[in-house]
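Undergrad: structure for the following, please:
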Amino acid sequence: MASRLPELTKPQRLLATYVLEHPFKVAIMSIDEFAQAAGVSSASANRFARALGYPGYAQFRQNIIKGFEGVLESVNRLKKEQSFPATNQEIMANVLIEGQRNLEKTRLNLNAETCDTAVNMILAARRIFVLGLGTSGYLAGLLERRLMAHNDMVISLAGPGGVTNAARRLARVNKDDLIIALTFPRYLADTVKIAQRAHELGARVLGLTDKATAPIVPACDCILYASTDTQYCSNSDPVALALIDALMAALDYRSPFSVELATEVAETITPWLIHGETSA
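TA: Have a look, this model is predicted:
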């Protein structure tokens, strides 16, 4: 498109320049929105598409979308939802209904052999590295906190130093180490690459993701799936958190030291807790 600029008309050059500077925005724009943003008419937008060899604007926009399909999925869902009138109460109720549906799908996806493998991998690990970047970093922090009761060497790779620090920490992993990798839509390429590298070095990888086609799957020795579909954002984090909670409950049950550890924690924090009723 940049090479074709000299042969385009002035309105078409304005449109081409807008596309080159804002391809993501154009991918979700109607023809009228696109024309208005570039300061030309809708007819000029159609002529622009035809000048580039497309039958019309719809086909031109579809070609741009191909580069952003994964990223645009949640945007298009939200845009579609906003086309229907709804009260705040209805929206909030719909999200809770979605959550119930996702939780049920997640429960039905549980496999006895996979659950056993996941718990045994955690119990057998010498060190545990929790790999969650972006939004998954918050989930990784909660998982790290729960795992600390079962392993003296639990390291969250979501923190200062970012991706390069995560890669550096995993440079010397081996078969005795476990990587728990969390990635949900939108999947971060760095999470997948780091997990793949850890797997190549011999470490075992336990993946937490949403479906069998997720890019993290080939790098994992075991995978637990959380259904995170939602109409209002990229994915439903509470369902992923529920899966983490379920995994930790199974770990607590299977660990021979759970009761002893729980007792020690209770005794340690007792002085800082409020006991009995307090006066108003």
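Undergrad: for the helix or strand hosting residue 94, C-alpha coordinates in CSV please.
TA: Assigned by DSSP states H and E, residue 94 belongs to helix 88-109. The C-alpha coordinates for helix 88-109 follow below in CSV (Å, rounded to 0.1, in the frame of the first residue of the first chain):
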residue,chain,number,x,y,z
ASN,A,88,-26.6,-2.5,34.1
GLN,A,89,-28.4,-5.2,36.2
GLU,A,90,-28.9,-7.3,33.1
ILE,A,91,-25.3,-7.1,32.1
MET,A,92,-24.1,-8.0,35.6
ALA,A,93,-26.5,-10.9,35.7
ASN,A,94,-25.4,-12.1,32.3
VAL,A,95,-21.7,-12.2,33.4
LEU,A,96,-22.6,-14.3,36.4
ILE,A,97,-24.6,-16.7,34.2
GLU,A,98,-21.6,-16.9,31.9
GLY,A,99,-19.5,-17.7,34.9
GLN,A,100,-21.8,-20.5,36.0
ARG,A,101,-21.7,-22.0,32.5
ASN,A,102,-17.9,-21.8,32.3
LEU,A,103,-17.5,-23.4,35.7
GLU,A,104,-19.7,-26.3,34.6
LYS,A,105,-17.7,-26.7,31.4
THR,A,106,-14.5,-26.6,33.4
ARG,A,107,-15.8,-29.3,35.8
LEU,A,108,-16.8,-31.6,32.9
ASN,A,109,-13.4,-31.2,31.3
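Undergrad: who touches it?
TA: Applying CB atoms under 8 Å, 6 or more residues apart in numbering, the external contacts of helix 88-109 come out as 86, 225-232, 236, 238-239, 242-243. C-beta coordinates here come from the backbone N, C-alpha and C atoms, glycine included.
Undergrad: rerun that using 10 Å as the cut-off
TA: For helix 88-109, the surrounding residues in contact (CB atoms under 10 Å, 6 or more residues apart in numbering) are 81, 84, 86-87, 210-212, 224-233, 235-236, 238-240, 242-243, 246.
Undergrad: the helices in the chain, which residues?
TA: In the chain, the helices defined using DSSP state H lie at 10-21, 23-27, 31-38, 42-51, 57-65, 69-82, 88-109, 112-124, 136-147, 162-169, 189-200, 237-254, 258-269.
Undergrad: touching, residue 148 and residue 122? I think so.
TA: No. At 12.0 Å, residue 148 does not count as touching residue 122 under the criterion of CB atoms under 10 Å.
Undergrad: comparing those two, which shows the higher neighbour count?
TA: A count of neighbours by other CB atoms under 10 Å puts residue 122 above the other of residue 148 and residue 122, at 23 against 14.
Undergrad: need the nearest residue in space to that one, chain neighbours excluded.
TA: Excluding the flanking residues, the one nearest residue 122 by CB to CB, 6 or more residues apart in numbering is residue 251, at 5.8 Å.
Undergrad: who are the neighbours in contact with the one you found?
TA: Residue 251 touches 118, 119, 120, 122, 123, 146, 147, 149, 150, 258, counting by CB under 10 Å, 6+ apart.
Undergrad: any figure for the gap between the first one and residue 149?
TA: As judged by CB to CB, to the nearest Å, residue 118 and residue 149 stand 17 Å apart.
Undergrad: let me know the pLDDT of the most centrally placed residue in the chain.
TA: Centroid-nearest residue in the chain, with CA atoms, centre = their mean: residue 184, separated by 2.6 Å. Note for residue 184: predicted pLDDT of 92.
Undergrad: follow-up on the earlier one: if you count surrounding residues, which of residue 118 and residue 149 has more?
TA: Higher neighbour count among residue 118 and residue 149: residue 118, with 23 against 17, using other CB under 10 Å.
Undergrad: out of the contacts of residue 251, which end up buried?
TA: Burial by neighbour count, 16 or more other CB atoms under 10 Å: within these this picks out 118, 119, 122, 146, 147, 149, 150.
Undergrad: apart from its neighbours in sequence, what residue is nearest the fifth one?
TA: Distance criterion CB to CB, 6+ apart; nearest residue to residue 147, sequence neighbours excluded, is residue 154 at 4.5 Å.
Undergrad: I am finished for the moment; much appreciated.
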